[in-house]
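Q: coords below, sequence missing:
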Ligand code: A2P
């Protein structure tokens, strides 16, 4: 069986990680096409020791492709989605463009793999902080439904792309040299600073990133009434996000039981050394597949509350790894057959 893969946004922070993961996980592809903007046409990137040229995305880029992993921003995904589906390919989209579309499954393979079966050519990869939180709290939700989630995030620069990561490094150096840097990608200096997430605010005072955590978690969990409130903050970290999470249940949830469940949960690694005060840190989560979870404790302000803390690689499980796992799911469940897709839409 041929599986011809294209990466749209191959030169970006997530795109380059997608290339590495397809290689590392030995994804069963027969061809790999690298697509980006015309700015990158002709650049070469390495895959399995071979130099592949990046092509500018164009009308006929998808004719000979079965699977597109897209990570080039929402407007690029919107611009090319129908071309991709019409060409008979399946699109796994990392942007927010289609996540809440009722015809588009929104998938974290550890949580709702069965939703993939209903795809109509597009599957959405959730927001990064939403994925990390979901992997850590869904195993508890399965044992006892969560009533309410309060979450605060500590988000790295990588969520804003490769250039944002570079900006933090350059700013740090400038500040150490006694200069005051002019921010370009972010609205304010992020080096030696932090600020509430700079996505657009709604009329209730929540930013888009915070509302993604609310709406996407509800969709992925299949829990439309789940109460979630988030405060999202950017911190001067390069590529792993952290989150402080408070969970409220109907009845008390024993801490030991929660720890036991999370110790066995797929995609989770417990990092809890209470003697050494060693818990998840973005530096130790960087480059790891698992979400690191720790500081699981009873909420002293509420008998039915649990507190926990996590760090997870935003580019890995928060983006590229989750997308590749969705692609692997499509292969396993034989949901990537272009002929079938074509006959459904016909
Ligand atoms: P390019 O490098 O040619 O600009 P990041 O998230 O790290 O900022 O990366 C964004 C990715 O999306 C890059 O690969 C970028 O390509 C790609 N991209 C941005 N705009 C477009 C566009 N209009 N068409 C195709 N690819 C795009």
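A: Okay, I see it. Please read these numbers as outputs of a predicted model, since none were measured by experiment. Residues are numbered from 1 along each chain as shown.
Q: any part of stretch 95-104 near the ligand?
A: No - using CB under 6 Å from any ligand atom, stretch 95-104 never reaches the ligand; the gap is at least 9.6 Å. In short, each C-beta sits where N, CA and C put it, glycine included.
Q: residues making contact with that stretch?
A: Residues outside stretch 95-104 that contact it (CB atoms under 8 Å, 6 or more residues apart in numbering) are 70-78, 81, 106, 119-120, 122-124, 126-127, 208, 212, 215-216, 219.
Q: in it, what counts as buried?
A: Of the residues in stretch 95-104, 95-99, 104 count as buried by neighbour count, 16 or more other CB atoms under 10 Å.
Q: report the closest residue of the stretch 151-300 of the chain relative to the ligand.
A: Going by CB to the nearest ligand atom, the ligand is nearest to residue 161 of the stretch 151-300 of the chain, at 2.6 Å.
Q: so that residue touches residue 186, yeah?
A: No - with contact defined as CB atoms under 8 Å, residue 161 does not reach residue 186; the gap is 10.7 Å.
Q: which ones are touching residue 162?
A: Residue 162 is in contact with 11-13, 16, counting by CB under 8 Å, 6+ apart.
Q: tell me the phi and psi of residue 157?
A: Taking degrees, to the nearest 10, you get phi -70, psi -30 for the backbone angles of residue 157.
Q: that one reaches residue 163, doesn't it?
A: No - when contacts are counted by CB under 8 Å, residue 157 is not listed as touching residue 163 (9.4 Å).
Q: of the two, give the one with the bigger neighbour count.
A: residue 157 (27 against 12; other CB atoms under 10 Å).
Q: so how far is residue 221 from the closest residue to residue 305 other than its chain neighbours?
A: In this structure, residue 305 finds its nearest non-sequential neighbour in residue 299, 2.8 Å apart by CB to CB, 6 or more residues apart in numbering. Here the criterion is CB to CB, to the nearest Å. By it, residue 299 lies 21 Å from residue 221.
Q: now residue 328
A: For residue 328, the distance to residue 221 equals 22 Å [CB to CB].
Q: who has more neighbours out of those two?
A: residue 221 (20 against 14).
Q: residues touching the more buried one, list them.
A: 111-112, 134, 138, 141.
Q: quick check: PyMOL command selecting the buried ones in those.
A: Only the buried entries of the contacts of residue 221 go into this PyMOL selection, using 16+ other CB under 10 Å:
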select buried, resi 111+112+134+138+141
